[in-house]
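In: The following block contains a protein sequence and its predicted model.
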Amino acid sequence: MKKVVILGAGYGGLMTAVQLQERIAGDEAELILVNKHDYHSLTTWLHEPAAGTLHHDRCRIDIRSLLRTNRTRFVKGVVEAIQPDVSAVRLADGERLEYDYLVVALGSEPETFGIQGLKEHAFSIRSINSVRMIREHIEYMFSRFRNEPHRSDYLTFVVGGAGFTGIEFVGELADRIPGLCREFDVEPSQVKIYNIEAAPTVLPGFDPELTEYAMKVLSEKGVIFRINTPIQECSPEGVVLATGEKIPSSTVVWTGGVRGSSIIEKSGFEVVRGRVKVDHYLRSPGYSNVFVIGDSSVLFDPETGRPYPPTAQIAIQQGIHTATNIKSLLEGGELQAFHPELKGTVASLGKGEAIGMVGQRKLVGSSASKLKKIIDNRYLFTLGGFKLLLQKAKL
Ligand code: FAD
Ligand code: NAD
């Protein structure tokens, strides 16, 4: 029996497993899904638990509850190395998994561009564990300020990078501040949230009208923007900007971009910013039985020559597509090329506020916010049907 091993149960990997297990007969292939935790993280929601506006448990889904145990074996384990020359994977506990087909969907890691001190001193929004730490740290800073009121750095929050992650996070954080101020007896005027962006505008490359709207809404909520000013250094004392300005802060959250999982580069694959440049069947160059999907891969738009962005939207579509292609290979059929269907982008600006571009249509305010919830709920339904929707739906 052929063995299909899927590494990573994020948007791409879990969707591949869930779709493939429905399409294959029990004796057609053995499916093995490996993930470092036994839950799937709703990463696209993580700015909320990071700020503390949603409990982190709402963002995790028990992986086994989505698997057919007679079709798919779940292995809770950490992938340490991929050995494509011998079609095997090594896990941190020493287990070795051999495969006929491999799907690599290990996601991404923060890209710090070698900026001094960022890796050591900044938080990042990447997993349940990382966002729980951010939320608890923010609360701790408020409680410490009560005892050391001269330390304004405790109440100064720096978010480095105003891409979609940075913007969504400052929106949530600004919403959380009034409640924290009440809880810890702090004057709201003492709290500062800085969002620092290297490019001449926030959300570089996005629609200018929507970008302006986002800045207006967030500025009204109290967010202070510094644009065109890259962070040059980070330390326990705060950040230094390229302009020379120093912002003393005990909380720096880095949202300056992502690169592919380091496991892939360490395993000897050729990468661009940690991501494997895949062909239109999503295969790795040189290994026709290795598919790389989601944030671990990079695919270029043939029309613009530019890479598609690393998004859940694309990872999900690639997961569904790869399930179809592997099913076809198992039956001796042909592979189909992948063409993403780009449906648009909707970004939250906090409670009840969002911006969105769907086709040529621009949406702002509550209509965009409602659409964002529909997108989140649609994913739950595609993944786990009504049962999962009832458990986790955003209302
Ligand atoms: P992931 O979903 O990150 O999954 C990777 C999986 O691999 C994880 O389960 C992880 O635990 C596992 N893993 C990693 N390393 C190992 C290892 N060594 N061993 C075993 N398991 C391992 N995109 C959108 O399209 N729309 C949005 O609205 C949106 N919002 C976002 C909001 C935030 C706050 C963030 C941070 C990102 C957002 N994104 C959004 C981007 C989106 O989350 C990613 O593009 C998406 O998660 C990529 O899916 P993936 O399957 O490649 O990786
Ligand atoms: P990103 O790469 O999209 O944005 C990072 C931002 O940090 C950029 O604007 C960049 O100019 C800035 N930056 C880089 N170096 C800097 C420095 N030294 N100082 C200050 N700013 C600096 O990364 P992201 O926001 O984490 O997003 C990652 C991916 O996830 C993207 O593809 C994004 O589209 C997707 N995403 C989508 C949504 C959504 O659709 N709602 C939400 C979050 C993330």
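Out: That came through, no problem. Ligands and ions are numbered 1, 2, ... in the order given.

In: Does residue 16 touch residue 319 like I think?
Out: Yes - applying Cβ atoms under 8 Å as the test, residue 16 and residue 319 come out as touching, 4.3 Å apart. Using the backbone N, CA and C atoms, a C-beta is placed for each residue, glycine as well.

In: pLDDT at the spatially closest residue to residue 45 that is not a sequence neighbour, what is it?
Out: Leaving out its chain neighbours, the residue that sits closest to residue 45 by Cβ to Cβ, 6 or more residues apart in numbering is residue 59, at 4.8 Å. For residue 59, the pLDDT comes out at 98.

In: How much space separates residue 386 from ligand 1?
Out: According to Cβ to the nearest ligand atom, to the nearest Å, residue 386 and ligand 1 sit 22 Å apart.

In: ditto for residue 218
Out: Taking Cβ to the nearest ligand atom, one finds residue 218 at 15 Å from ligand 1.

In: Now do the contacts for residue 15.
Out: Applying Cβ atoms under 8 Å, 6 or more residues apart in numbering, we find residue 15 in contact with 315-316, 319-320, 323, 382-383.

In: Can you tell me which of those comes closest to residue 229?
Out: Using Cβ to Cβ, residue 315 comes nearest to residue 229 of the contacts of residue 15, at 31.7 Å.

In: ok, residue 350 - contacts?
Out: Contact partners of residue 350, counting by Cβ under 8 Å, 6+ apart, are 171-172, 174-175, 217-218, 221.

In: Tell me which of the contacts of residue 15 fall in helices.
Out: Under the assignment DSSP state H, these contribute 315-316, 319-320, 323, 382-383 to helices.

In: Those residues: which ones sit near ligand 1?
Out: Contacts with ligand 1 are made by residue 315 out of the ones in helices among the contacts of residue 15, judged by Cβ under 6 Å from any ligand atom.

In: Which one of the ones in helices among the contacts of residue 15 is nearest to residue 106?
Out: The closest of the ones in helices among the contacts of residue 15, once distances to residue 106 are taken by Cβ to Cβ, is residue 315, at 11.2 Å.

In: Go ahead and confirm the closest one touches residue 297.
Out: No - Residue 315 is not in contact with residue 297 according to Cβ under 8 Å; the separation is 9.0 Å.

In: With neighbour numbers in mind, choose between the two.
Out: residue 297 (28 against 25; other Cβ atoms under 10 Å).

In: Got the confidence number for the residue lying closest to the more buried one once chain neighbours are set aside?
Out: Among residues not flanking residue 297 along the chain, residue 278 sits closest, at 4.7 Å (Cβ to Cβ, 6+ apart). pLDDT, residue 278: 97.

In: Got the domain ranges for the protein?
Out: 2-36+77-110+258-333, 112-256+344-395 (automatic domain parsing).

In: so what's residue 250 up against?
Out: Each residue near residue 250 by Cβ under 8 Å, 6+ apart is listed here: 141, 151, 153-154, 156, 236, 238.

In: Contacts for the lowest-mean-pLDDT helix or strand in the chain next, please.
Out: Across the helices and strands of the chain, mean confidence by mean pLDDT, DSSP states H and E is lowest for strand 271-272: a mean of 94. With Cβ under 8 Å, 6+ apart as the contact definition, strand 271-272 has outside contacts at 260, 264-265, 277, 298.

In: Name the next helix or strand following it along the chain.
Out: Going down the chain from strand 271-272, the next helix or strand is strand 275-277, by DSSP states H and E.

In: List the buried residues of stretch 127-141.
Out: In terms of neighbour count (16 or more other Cβ atoms under 10 Å), stretch 127-141 has its buried residues at 127-128, 130-132, 134-135, 138, 141.

In: meant to ask about stretch 112-130, not that
Out: Buried residues in stretch 112-130 (16+ other Cβ under 10 Å): 112, 115, 117-118, 121-128, 130.

In: Show me the subset of those residues that also lies near ligand 2.
Out: Within these, those near ligand 2 by Cβ under 6 Å from any ligand atom are residue 115.

In: Dump the buried residues of stretch 112-130 to CSV, plus secondary structure.
Out: Converted to CSV, those look like this (DSSP: H, G, I helix; E, B strand; the rest coil):
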residue, secondary structure
112, coil
115, coil
117, coil
118, helix
121, helix
122, coil
123, strand
124, strand
125, coil
126, coil
127, coil
128, helix
130, helix
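
In: pLDDT of stretch 197-213, averaged?
Out: Here the average pLDDT along stretch 197-213 is 98.

In: how about the strands of the stretch 101-250 of the chain, start to end?
Out: 101-104, 108-110, 123-124, 156-160, 192-196, 223-226, 231-235, 238-241, 246-248 (DSSP state E, counting those that start in this stretch).

In: Tell me which of those is the most buried.
Out: Highest mean neighbour count among these (mean count of other Cβ atoms under 10 Å): strand 101-104, with a mean of 27.
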